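Asks: next come a sequence and a model predicted from it.
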Amino acid sequence: MRSKPHVAAIVVAAGRGLRAGGGRPKQYRMLAGRPLLSHALRTFQHHDGLSQLLVVIGAGDEDLYGAAVTLSATLLPPVTGGETRQASVLAGLEALAATPPDIVLVHDAARPFVSARLIDDAIATVATGAVAAVPGTAVVDTIKTVDADGRVVGTPERAALRAVQTPQAFAFPALLDAHRRAAAAGIVGLTDDASVMEWAGHPVTVFPGESGNVKLTLPEDFDAAKRRMQTAMNDVRVGQGYDVHAFTEGDHVWLGGIRIAHDRGVLAHSDGDVVLHAATDAILGALADGDIGTHFPPSDPQWRGASSDRFLAHAAGLLAARGGRLAMLDVTVVCEAPRVGPHREAMRERMAAILGVGTDRIAVKATTSEKMGFTGRREGLAALAVATVRLPGQ
Ligand SMILES: Nc1ccn([C@@H]2O[C@H](COP(=O)(O)OP(=O)(O)OP(=O)(O)O)[C@@H](O)[C@H]2O)c(=O)n1
Ligand SMILES: C[C@](O)(CO)[C@H](O)COP(=O)(O)O
């Protein structure tokens, strides 16, 4: 395997959620203000170890999917799944086969509490030699096997049992081959991908799962998940950011990720987007994790002319890695010109897309400084930002 493996993830979301009820496939039901699918997906979108992310959706679910997800650099167009989970995973694997990754992760859309730690451990277990790696937790109940009449026929030794979860990670060629062979052999009902690998004769390694990484299957699971999300994210923090750039010769400025025509440009090492820089610092401030210069030193030539989108995306990734969410980003631009109003909505949409939140969580305001000071004299422009984030409680 290459030193830095090419890793892809498939999120299966083509089920009907019949056991959960609720009138629509469960992955599109709302949970803490967002569709269930978007919770797990966002953790994968903000993980920097993945180069491709693919969602397998049900036939006819295209509109529900479009409304549920925020596009991102790694997210591929969705593919249509099949009648069973096994068939849906195979559809996802076939879609990746043209540019095969080294490692593929498979995750249920119905597991919203997946952590960056589980993704890291799944990748690391395969990167260091396993062909298949699944998270598992020790079983606390005594388990019985029963016959069709409910009579107990056996009691497996509990110490050897593990309840397995997703994300499950695999060497891509081995999983694709195992799935293709199982389908060709008429094997259709295997309930996880480790079972497909076991059927094909591959060893499967279990690494520690997380008891919190539950799958929402029944109606009461949604109620419990709602309660958990409401109480869990109770560490509310606020960070502020401020940035300034001087005008110089030029014909445009970047503000909030939008290129705006102007009779001046800005002096800057990167693209000089004061809005994205202030927003990045505000999120880093809320996390007490240094500032933009700590993460992207101006002395480093690789950031020369860099698009500031990546600075904000990096801060969003740090927030997601801590299990946090952005509650609100409020930005004020200070300049005599250019006029911000005509670009306000485009800026809100761009920042919402980078941060993976709705535009209702992004505010953009603007003011002149009444011709006073450096902004009033049109020597430069400035932006202030306040980010409110929610982190898991202590
Ligand atoms: N034909 C299928 C069936 C399931 N899944 C996905 O596999 C995951 C785990 O399946 P499960 O929790 O059983 O979901 P459903 O099949 O939707 O639920 P139900 O059996 O209650 O209808 C879910 O993210 C589900 O969307 C899938 O992609 N394609
Ligand atoms: C893949 C899985 O989540 C591992 O626990 C589980 O097997 C999915 O089962 P389901 O019957 O499709 O819910």
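Replies: Yep, that arrived. Ligands and ions are numbered 1, 2, ... in the order given.
Asks: mind checking how far residue 277 is from ligand 1?
Replies: Remark: distance between residue 277 and ligand 1 (Cβ to the nearest ligand atom, to the nearest Å) = 38 Å. Just so you know, the C-beta spots here come from the backbone N, C-alpha and C atoms, and that holds for glycine as well.
Asks: surely that residue is in a strand?
Replies: No. Residue 277: not assigned to a strand; according to DSSP: H, G, I helix; E, B strand; the rest coil it is helix.
Asks: can you pull the contacts of it?
Replies: With contact taken as Cβ atoms under 8 Å, 6 or more residues apart in numbering, residue 277 is in contact with 241, 243, 270, 292, 308, 311, 383.
Asks: what's the mean pLDDT across stretch 370-379?
Replies: Averaged across stretch 370-379, pLDDT comes to 96.
Asks: buried residues in it?
Replies: residue 375 (16 or more other Cβ atoms under 10 Å).
Asks: can you give me the domain assignment for the chain?
Replies: Domains of the chain are assigned by automatic domain parsing as 7-232, 235-391.
Asks: show me where the stretch 101-250 of the chain has helices.
Replies: Per DSSP state H, counting those that start in this stretch, the stretch 101-250 of the chain carries helices over the ranges 116-127, 172-184, 193-199, 219-232.
Asks: I'd like those laid out as TSV, including mean pLDDT and distance to ligand 2.
Replies: As requested, those are exported to TSV (pLDDT from 0 to 100; distance: least, Cβ to the nearest ligand atom, whole Å):
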stretch	mean pLDDT	distance to ligand 2
helix 116-127	96	13
helix 172-184	98	13
helix 193-199	98	7
helix 219-232	89	11
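Asks: of these, flag the one that's most buried.
Replies: The highest mean neighbour count among the helices of the stretch 101-250 of the chain, using mean count of other Cβ atoms under 10 Å, belongs to helix 193-199: a mean of 22.
Asks: wait, does that helix make contact with ligand 1?
Replies: No. Applying Cβ under 6 Å from any ligand atom, one finds helix 193-199 separated from ligand 1 by no less than 10.6 Å.
Asks: which residues are in contact with that helix?
Replies: With Cβ under 8 Å, 6+ apart as the test, helix 193-199 has contacts from 86, 89, 106, 131-132, 134, 164, 168, 170, 174-175, 178-179, 182, 187, 190, 204.
Asks: now swap in stretch 218-232 and tell me
Replies: Outside stretch 218-232, the residues that touch it by Cβ under 8 Å, 6+ apart are 19-22, 26, 29, 31-32, 112-113, 212, 214-216, 392-393.
Asks: one step back: same list, the contacts of helix 193-199, but only the ones touching ligand 1.
Replies: By Cβ under 6 Å from any ligand atom, no member of the contacts of helix 193-199 lies near ligand 1.
Asks: spell out which parts of this structure neighbour ligand 1.
Replies: Residues of the chain lying near ligand 1 (Cβ under 6 Å from any ligand atom): 12-20, 27, 56, 81-85, 88, 108-110, 215, 217.
Asks: and the residue of the stretch 251-394 of the chain found nearest ligand 2, backbone torsions?
Replies: Closest to ligand 2 within the stretch 251-394 of the chain is residue 323: 20.6 Å, counting by Cβ to the nearest ligand atom. Main-chain dihedrals, residue 323, degrees, to the nearest 10: phi 80, psi 20.
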